[in-house]
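> my questions concern the predicted model and sequence given below.
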Amino acid sequence: MLSYEKTIANLPPECPENLLPVIRNMFKQYNATLVVLDDDPTGTQTVYDTPVLTEWSQQTLDNEISNQSPLFYILTNSRSLPPEQAEQLALEIGAGLKQASDKFNRKIFVISRSDSTLRGHFPGEVDALAKSLGIEDAVRVIIPAFFAGGRFTIDDIHYVKEDDNLIPAAITVFAKDASFGYVSSDLKDWVEEKTEGRLKANNVVSISIKNLRGKGIGSVANKLMKCKNGTACIVNAVSQRDLEVFAVALYKVCQSGKNFLLRTAASIVPILAGMEPRPLLMREDLLHRKRSVGLIVVGSHVSKSTKQLQYLLEHADIEAIEIQVEQLLTHTRRDDETARVISSVDKLIDNKQDVLLFTSRQLVAGKNSRSSLSIAHTVSESIVRIVEGQSTTPDYVIAKGGITSSDIATKAYQLKRARVMGQILPGVPVWRFEDSAKHTGMLYVVFPGNVGGEDALYKAYKKLY
């Protein structure tokens, strides 16, 4: 464990130049569309004015590529799927993207966006994506840095920041995940662990802070050029400027025809698009009624979500309804529990009262990763039934947790397309539904399970109150 302040102070000075104008120009000259396959809807937490697709028919992909969209997201929600299904999905979407790219002679640059605490289907879905895109020789570039969430990589160790402490990722609760656990904080070792030895740690190329800051763009470009096809490269980073240097180097090397497939967290995406940072959204940017009615749904069980839920319960005057998970997992009682909650929520929203809907906090885990995913699926399916069953529509929804926010949007509200408006809090994106079978125009806050302090959920709610 390290002190964040002392560690950052002892690093070499970062590049003094704002490289975003350079990146924008290089991106324009590269003449490609950035496509982000997001395994969880929280990955839009760093962008704005950006489309999000929740379906990927060939016609939909053709439309985006033919319109030469500079950047769009595809919400796969593959982190909630078993490995085989996640890989099959990657094959399907990759093939559709390649077909659209070939048809309209438009280059695509694909990013597999996943968790900043290293949970997800790696290398399976990345390998499947490379195969379907026809770039099996691509260098897998791994960048889990997510600055708004306190995720940094230094000396190849990936850290989670808590207060002033930098905690190696492998000793956090995230590494004990029932479906995606791991033992390595050093990303080179993590690659070897996750590939079961196929890619050895000593063959993984590392772009260090010293490369990014002391030696600069040329040094980074040289390292990228020397990466062997089909191998992995990890990128250390503690600031936006570090990733700007990397982005310039990456575009330089891409011009040579070398293939890269990125597995990243959220911070690199707007940088590759040359997006300038924007201020957080205010209420007047989002809602125009003096008093709006909201629904908050908390499904995430990570400890941070539970603390934020408790803070909201203690500090906000809001009607709260608890969903009993044990009832949902008992087939004969599931219908009664969902009917009870639907009726309660409907009455409150119909009376213009805000509602906090949350699952009981005692975590119910399976005997293995597959059974744990099955339990999560059953709970999420029940939450969808509850939200879908409401007869009254709120003005906004705050959905807490990746699987929760994805399933409510795509299944309960039958969302096809949304637009990211920006962030209401650091790392907390806000969508406006553009194509929803039931609720086009509705405001939707995608609140990651592991982002923000104890009062973050309360702050988001009060901003919209």
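On my side now, so go ahead.
> okay, stretch 11-26 in PDB with CA atoms only?
Taking C-alpha atoms only, stretch 11-26 is exported to PDB below (Å, rounded to 0.1, in the frame of the first residue of the first chain):
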ATOM      1  CA  LEU A  11       7.000  10.800 -10.300                       C
ATOM      2  CA  PRO A  12       8.800  12.600 -13.200                       C
ATOM      3  CA  PRO A  13       6.900  15.800 -14.300                       C
ATOM      4  CA  GLU A  14       4.200  15.100 -16.900                       C
ATOM      5  CA  CYS A  15       4.200  16.400 -20.400                       C
ATOM      6  CA  PRO A  16       3.500  20.200 -20.100                       C
ATOM      7  CA  GLU A  17       1.700  20.400 -23.500                       C
ATOM      8  CA  ASN A  18      -2.000  19.900 -24.000                       C
ATOM      9  CA  LEU A  19      -1.900  17.300 -26.800                       C
ATOM     10  CA  LEU A  20      -5.700  17.100 -27.500                       C
ATOM     11  CA  PRO A  21      -5.500  19.400 -30.500                       C
ATOM     12  CA  VAL A  22      -2.800  17.200 -32.000                       C
ATOM     13  CA  ILE A  23      -4.800  14.100 -31.300                       C
ATOM     14  CA  ARG A  24      -7.900  15.600 -32.900                       C
ATOM     15  CA  ASN A  25      -6.000  16.400 -36.000                       C
ATOM     16  CA  MET A  26      -4.400  12.900 -36.100                       C
END
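> right, and the helix or strand after the helix or strand bottoming out on mean pLDDT in the chain?
Using mean pLDDT, DSSP states H and E, helix 369-388 stands out as the lowest-scoring helix or strand of the chain, at a mean of 83. As assigned by DSSP states H and E, the chain's next helix or strand after helix 369-388 is strand 396-400.
> strand partners (parallel or antiparallel) of that following strand?
Strand 396-400 pairs in its sheet with strand 294-298 (parallel), strand 443-447 (parallel), by DSSP bridges.
> got CSV for those, with mean pLDDT too?
Formatted as CSV, these follow (pLDDT from 0 to 100):
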stretch, mean pLDDT
strand 294-298, 96
strand 443-447, 96
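> to residue 285, which of those lies closest?
strand 443-447 (10.3 Å; C-beta to C-beta). C-beta here means a position set from N, CA and C on the backbone, and glycine is covered the same way.
> what residues of the helix or strand following the closest one count as buried?
The C-terminal neighbour of strand 443-447 among helices and strands, as given by DSSP H and E, is helix 456-464. The neighbour-count check on helix 456-464 (16 or more other C-beta atoms under 10 Å) flags 456, 457, 458, 459, 460, 461, 463, 464 as buried.
> enumerate every residue touching the second one.
Neighbouring residues of residue 457 by C-beta atoms under 8 Å, 6 or more residues apart in numbering: 296, 298, 308, 309, 311, 312, 398, 400, 447.
> who does the closest residue to the last one other than its chain neighbours bridge with?
Yep, that's residue 447 we're talking about. Spatial nearest neighbour of residue 447, excluding adjacent residues (C-beta to C-beta, 6 or more residues apart in numbering): residue 400 at 4.6 Å. Beta-bridge partners for residue 400, by DSSP bridges, are residue 298, residue 447.
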